[in-house]
Structure formats: structure tokens, C-alpha cells
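Asks: Output the structure for:
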Amino acid sequence: MRARNVVAGVAVLAATLPACGQSMRSPDAATSPPARDLSKYLVDRGVHPPAPKNKEPVPISTETIVERLLAASARRSAQLRGFRGTRQYNLQYRGLFGTREATMQVVATYTAPDQRSFQVVSQTGSKLLLNRVLLKLLDSERDALRNQKQVELTPANYDFNLLGTERLESGVDCYVLSVKPRKNNQFLYQGKIWVDANDFAVARMEGQPAKSPSFWVKDTAIDSNWGKLGDFWLIQHNRSVSHIRMGGMATLNIDYTDYQITGVDHRAKPSQGQQSVLPDPSSVTPQR
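Replies: As a prediction, this is how the structure comes out:
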């Protein structure tokens, strides 16, 4: 499994260290022919009119929030046909034997229903981290569609509980919900999500994988943030911190910038299987 390969990469790093010497743009006006699906955890499209500023979100039940999240997500998923953007990966490993770092810039392109391509623009730093960790993250993302049902943010996979409301630093008013996985599944999370009270899109997530990816990993904390560009919500930043049992800590930051929406079909209708998902842990954490 790819997850084990990347775990092995960090393990090799720790074992070999003694011997080892953005801001967003406006969406593109062009559109492409209709297709069916999207890169679910990267995008979300708003469906409600703007809410008045400086007002608390309307009190509603957990069930209602989840229902609106699912319905809005399905509509957005059906209408988005393509996008591209730039990613900046930065990985640092600090352990008993020193520090290693690697960076990678990637242009990512998505075309519905399930085409993802990555062009590596530049690489710097540790070859071990680049080859055994960062490039493996891209492979894991390509494979994520095979686990689609397992990662959907739905009542089939999660128990939801409303914790309250909160305004993010970006000014977005949100409902805050706890998410508890119904299965001991490495593709799911235990933590919290912030749901935009106006668009019913996930604006933030923090948590940890429901299941440890490997004996070598003690724990992993993940924090992801989304922002709105036009009618769409796109992931802006992901940070994960992993503690390794053999010693050391791996910190990965991913910045997503320069988005261009390349295809939209406003006439498309939602279909089954088009639901919001959180980032597959294997594609945003260095220890997998």
C-alpha cells in the first residue's frame, strides 16, 4: 500500500540521518463541456444568498445543518467541471539526528469526472523526503477516488453533533460540529468541522485520522482551511504534524494558490455519490 511506502520513507529518513552529511485570482471565464463529478475535497460551490454581516447564525438543529450541507454539496459537485491551481509543499523533519527539509511546487489540474494531473515545477531539499514522501502524496491523491464512499462526509460515515457557532478570522460565520467516525477507518477523521452558515460549505476542519496509519506513527494532527472564490469554495491551506515513534516530528504545510475555474455547467443536476469529503489523510500527511 502507498500509505506504508511513505511510512517507510520517514522510517528510512530517521535511520539514515546519522550517515547523511499567494493570493487567489479571479476564476477563468472559459468553460468546458459538461462532465459528472469533481475533486470533492478541493472544491465546493455556494447556493444561498449572502447573509447579513455581523449577525449570529440562525439557530437550527444538527440534522438540519447536515441536510443542508449534503444538499448544497451535491449541487456544487454536479456543476463544477474543472479547475487548476498551484500548490507549494513544505516538509520538515526534526528528530534526534538532526533536521531535514524539502519543498516542492506543483501545478494541479482537475477535469471531471475523475481526471487529475500534476506537473512538478520545482523541487528543493532532501531527496529522500522528495522521493519517498512528497511525491507519494500525489500518488495517494490519484488513488483517492477508489475510496470515495469511505471518505464522504455523510451520516453513513460520521456522527455529527452541533457544538455552537463561531466567526473565523476570515470573517466567515460558521456552525461548529464535532465529527466522530462510525468506523475505525484510516480514511476518516475524529475532530471538528466549521460549516459556513450562509453557503453550507466546509470552511475549516481540524482533527486526526480515526485510525493510526502505522505502528511507527504515534499521532497526527491536521488543520485544513477553505476560502471562497466567486461561487466556489477551494482549499487554501493544510497543515499536518506527525509524531514518529522512533523519534522526531514531521510537519507538512501545503499552500494552494492561483486557482482558475476552467469548467462550469450551471444546468447540471446532482447525482448519487456527489458529496463533500474531507482531504484523504494519505494525501496531506507526511507519514503515510
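
Asks: can we go C-alpha only for contacts and neighbour counts from here?
Replies: Noted.

Asks: quick one: pLDDT of Gly125?
Replies: On the pLDDT scale, Gly125 is placed at 97.

Asks: ok, now Ala14?
Replies: With respect to pLDDT, Ala14 has a value of 45.

Asks: cool, the one 10 residues further on as well?
Replies: Confidence at Met24, expressed as pLDDT, is 43.

Asks: all strands in the chain, in order from the N-terminus.
Replies: Taking DSSP state E as the criterion, the chain carries its strands at 43-45, 80-95, 98-111, 115-125, 158-167, 173-181, 189-196, 202-209, 217-229, 232-244, 249-264.

Asks: of all the ones you listed, which gets the most neighbours per residue?
Replies: Mean neighbour count, computed with mean count of other CA atoms under 10 Å, is highest for strand 43-45 among the strands of the chain, reaching a mean of 27.

Asks: Low-confidence regions, the stretch 1-150 of the chain specifically.
Replies: 1-54, 144-147 (pLDDT under 70).

Asks: one more time with 90, if that's ok
Replies: 1-57, 73-82, 95-98, 110-116, 132, 139-150 (pLDDT under 90).

Asks: ok, now the stretch 151-288 of the chain?
Replies: In the stretch 151-288 of the chain (pLDDT under 90), the answer is 151-152, 170-171, 183-187, 210-219, 228-234, 244-247, 264-288.

Asks: how about 80 then?
Replies: 212-217, 230, 232, 270-276, 286-288 (pLDDT under 80).

Asks: hang on, the earlier thing: output the strands of the chain as JSON lines; include the columns distance to Pro270.
Replies: Shown next, in JSON lines, are the strands of the chain (distance: least, CA to CA, whole Å):
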{"stretch": "strand 43-45", "distance to Pro270": "12"}
{"stretch": "strand 80-95", "distance to Pro270": "11"}
{"stretch": "strand 98-111", "distance to Pro270": "17"}
{"stretch": "strand 115-125", "distance to Pro270": "19"}
{"stretch": "strand 158-167", "distance to Pro270": "22"}
{"stretch": "strand 173-181", "distance to Pro270": "24"}
{"stretch": "strand 189-196", "distance to Pro270": "20"}
{"stretch": "strand 202-209", "distance to Pro270": "18"}
{"stretch": "strand 217-229", "distance to Pro270": "21"}
{"stretch": "strand 232-244", "distance to Pro270": "16"}
{"stretch": "strand 249-264", "distance to Pro270": "13"}
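
Asks: Quick one: closest of those to Thr285.
Replies: Minimum separation from Thr285 across the strands of the chain (CA to CA) falls at strand 232-244, 5.8 Å.

Asks: helices and strands around that closest one, which ones?
Replies: The contact analysis (3 or more CA pairs under 8 Å, 6 or more residues apart in numbering; DSSP states H and E) places strand 232-244 against strand 43-45, strand 217-229, strand 249-264, helix 281-284.

Asks: mind redoing it with 7 Å?
Replies: strand 43-45, strand 217-229, strand 249-264 (3 or more CA pairs under 7 Å, 6 or more residues apart in numbering; DSSP states H and E).

Asks: Sheet partners, orientation included, of the last one?
Replies: Neighbouring strands of strand 249-264 in its sheet, by DSSP bridges, are strand 80-95 (antiparallel), strand 232-244 (antiparallel).

Asks: Adding distance to Ala221, write the ones you listed out as CSV.
Replies: Below are those laid out as CSV (distance: least, CA to CA, whole Å):
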stretch, distance to Ala221
strand 80-95, 15
strand 232-244, 5
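
Asks: ok now do Glu101, which residues does it touch?
Replies: 91-93, 125-126 (CA atoms under 7 Å, 6 or more residues apart in numbering).

Asks: 10 Å - rerun?
Replies: By CA atoms under 10 Å, 6 or more residues apart in numbering, Glu101 lies in contact with 90-94, 124-130, 250-252.
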